[in-house]
Each structure stands twice: as C-alpha cells, then as structure tokens.
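Undergrad: Next one to model:
(one chain, ligands or ions: 1)
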Amino acid sequence: MRAALIQMTSGENPAENRDFVLGSLREAKARGAHLALTPEVTNCLSGSRDHQRAVLRHQEDDETLAAVCEAAQALDLWVLLGSLGVLTHDADGRFANRSFLISPEGKIAAQYDKIHMFDVDVSKTETYRESAHYRPGDKAVVADTDFAKLGLTICYDLRFPHLHRALAQAGAQIITAPAAFSAVTGAAHWHVLQRARAIETGCFILAPAQTGVHYVKDGVERRTYGHSLAVAPWGEVLLDAGEAPGVYIVDLDLDEVKNARKRVPSLSHDRAFEGPA
Ligand SMILES: O=C(O)CNC(=O)[C@H](CS)NC(=O)CCC(=O)C(=O)O
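TA: Prediction:
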C-alpha cells in the first residue's frame, strides 16, 4: 500500500490552500499512491476568529470538501482530508475541527471531530484556547477501506494514548494523525509520542503535518513544526518529511501489523485493576 503525505503551509485563504491540495493530489496519484493525506486545518489556518467566521462554511457548502471529493473520484484515490474547519449549527457559534475520509468514488466514507482540545500555554507568548473556537467531538471512529482499517485522530489527540488503544482494539491497522503541531512542542515531543503510539498499538501511524510560518499576529509568528511522519508498528520511522512543503511517498506492508502484534501481544493483555484509591 502506497501512501502520500501532503505537507503544507496553510494560510488564511481557503482558495489558495485548496489549489495546493488539488495539485498535490494529482502528484500523489502520478507517483502511485493509493491514499493521500492532508494536515489538520487544511482549508484555513488563521489567528482571527472573525476571519474564520467569514471564510469557513458548513460541511455541505464547503468548496474544499466538494473539490477534493471530485478529485478523489477523478483520480481514483482514497483521500484523508486531515481536517477542515467547518461551521456548526451550535448556538455558541463554535466551529468543528473535522477529518474526512473520502473514497475513490468521491463519497465521504467516514468523518471524525477532534476530541481533545489544545487549551495550552506553551510559553508566556504562545497560548492556545482551541475550545474557545472549536466544539470538541465525543465519538471515536474506525473506518474500513479496501486496503486497511483506519483509526482517525487529530493533532493534540496524540497525547491521549487510551484513544489510540481503543482504535487499535476496534481493529484499526493504520492510525491517521494529521497535525498543526506547535514548533516548540514538536521539537520536544513529536517523534517520541508518534513512535510510542505506533509501538503501543501495533499500528502504522500516518501523520501529515502543517509546516512553517502561517501568519503573523501582533508581531508573533504562528509557526508549525512540519516533520510529517510515517511510523511502522514496530516503531521505526519510515518517513520524516523535514520542513519543506510537498508530497512525500511511503510504502506500507500491512503484514507488519500482524507481525509486530505477534511478537509483543500487549494489545491483548489488558487487565482490569482496582484504584488507585
Ligand atoms: O488553530 C487552528 O486553527 C488549528 N488548530 C491547531 O493548530 C491545533 C489546535 S490550536 N493545534 C494543536 O492541536 C497542536 C497540538 C500541539 O502542538 C501539542 O500537542 O503540543
């Protein structure tokens, strides 16, 4: 199975981000990919809630989603649109941070709303309150394809291993982990956490990432870490994309899932326990 990780620097203009994705999907297909994956908030990375409110759309009106469904069908390609920011009908006006798995027939095969919100003070000048803008999801999702079962996660979900364990125990062989990781936390935590999730679950991890500087707000750059990763179930890094935007190809042998879980069957060794009190 050949996957294409699309690494990009999404800006505030959805039409520009969409053009980059559509070109990358054509490249992915030309290079033999079966599945192409885009990062978190592919359609718009912005520091302004007002701007997001102006340019984001409801799922049924989203032009990026429509264009990618059309491209998936035209190219006969599976696509994981890592996430789109979309409007919801909630009274409080929050958006959803939603992943879409699109089939080669151009249909939405599965969708997943990010469960864990990044409400974190990375430093005095770098603070995030994702839950102020996005409404968290509450449903874990495993999706079937003709090549593997996929477990869907988004970015900060990476830090919640019980979600990954639940996905693997529900049959996932590949966990998708699209991200817009902070450059600071990425340098400290990204590789080790992704490798740990792969080893604990015996899953492949496919983590397409945002990279570079997206915008400047109040004189502060919004910078993401890049380093889109593919990790094997035994923990080896199969692909590290570094920092440049582009299309990165990796070949997966799904038998490695079985083999890793046979060598260390920890996924089937859970025990109930009391406490801690
Ligand atoms: O803000 C947007 O529009 C798009 N969303 C994001 O960039 C999200 C929420 S702020 N980023 C993360 O989850 C980074 C997690 C991370 O960096 C860590 O866990 O260390």
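Undergrad: Quick one: end-to-end length of stretch 225-238, please.
TA: Stretch 225-238 has an end-to-end distance of 18 Å (Cα to Cα, to the nearest Å).
Undergrad: for that stretch, the distance to its chain's centre please.
TA: 13 Å (Cα atoms, centre = their mean, to the nearest Å).
Undergrad: Show me which residues of it are buried.
TA: Within stretch 225-238, the residues that count as buried by 16 or more other Cβ atoms under 10 Å are 225-233, 235, 238. (Glycine included, C-beta is placed from N, CA and C.)
Undergrad: Wasn't residue 196 part of a helix?
TA: Yes. Applying DSSP: H, G, I helix; E, B strand; the rest coil, one finds residue 196 inside a helix.
Undergrad: ok, it to residue 20 distance?
TA: 31 Å (Cβ to Cβ, to the nearest Å).
Undergrad: ditto for residue 260
TA: 34 Å.
Undergrad: Those two: who's more crowded?
TA: Higher neighbour count among residue 260 and residue 20: residue 260, with 21 against 17, using other Cβ atoms under 10 Å.
Undergrad: That one looks like it's in a helix, true?
TA: Yes. Counting by three-state DSSP, residue 260 is part of a helix.
Undergrad: Could you report the distance from it to residue 161?
TA: From residue 260 to residue 161 the distance is 16 Å (Cβ to Cβ).
Undergrad: Check residue 217 too.
TA: The value you get for residue 217 to residue 161, if Cβ to Cβ is used, is 32 Å.
Undergrad: Comparing these two, which residue is more hemmed in?
TA: Each of residue 217 and residue 161 has its neighbours counted (other Cβ under 10 Å); residue 161 has more, 14 against 11.
Undergrad: Quickly note the distance from that one to residue 168.
TA: Residue 161 is 10 Å from residue 168, by Cβ to Cβ.
Undergrad: now the buried residues of stretch 225-238 in TSV, with pLDDT?
TA: What follows is the buried residues of stretch 225-238, written out as TSV (pLDDT from 0 to 100):
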residue	pLDDT
225	98
226	98
227	99
228	99
229	98
230	99
231	99
232	98
233	98
235	98
238	98
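Undergrad: residues touching whichever residue of the stretch 1-150 of the chain sits closest to the ligand, list them.
TA: The nearest approach of the stretch 1-150 of the chain to the ligand comes at residue 118, 3.6 Å away (Cβ to the nearest ligand atom). Counting by Cβ atoms under 8 Å, 6 or more residues apart in numbering, residue 118 touches 128, 130, 155-156.
Undergrad: interface residues of the stretch 101-250 of the chain facing the ligand?
TA: 118, 128, 130, 155-156, 159, 180-182, 185 (Cβ under 6 Å from any ligand atom).
Undergrad: Swap in 5 Å and give it another go.
TA: Residues of the stretch 101-250 of the chain lying close to the ligand by Cβ under 5 Å from any ligand atom are 118, 128, 130, 155-156, 180-182, 185.
Undergrad: Check the gap between the residue lying closest to residue 156 once chain neighbours are set aside and residue 130 for me.
TA: Excluding the flanking residues, the one nearest residue 156 by Cβ to Cβ, 6 or more residues apart in numbering is residue 118, at 4.3 Å. Plainly put, residue 118 is 4 Å away from residue 130 if you go by Cβ to Cβ.
Undergrad: overlap in contacts of the two?
TA: Common neighbours of residue 118 and residue 130 (Cβ under 8 Å, 6+ apart) are residue 156.
Undergrad: list residues touching both of residue 161 and residue 168?
TA: residue 200.
Undergrad: ok, which stretches of the stretch 151-277 of the chain are helices?
TA: All helices of the stretch 151-277 of the chain, identified by DSSP state H, counting those that start in this stretch, fall at 161-169, 183-201, 255-263.
Undergrad: Adding mean pLDDT, write those out as CSV.
TA: Formatted as CSV, the helices of the stretch 151-277 of the chain follow (pLDDT from 0 to 100):
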stretch, mean pLDDT
helix 161-169, 98
helix 183-201, 98
helix 255-263, 98
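Undergrad: Dump those helices into TSV; add distance to residue 70 as well.
TA: Shown next, in TSV, are the helices of the stretch 151-277 of the chain (distance: least, Cβ to Cβ, whole Å):
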stretch	distance to residue 70
helix 161-169	29
helix 183-201	31
helix 255-263	32
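Undergrad: Nearest to residue 24 among these would be which one?
TA: Set against residue 24 and scored by Cβ to Cβ, the helices of the stretch 151-277 of the chain come closest in helix 183-201, at 21.3 Å.
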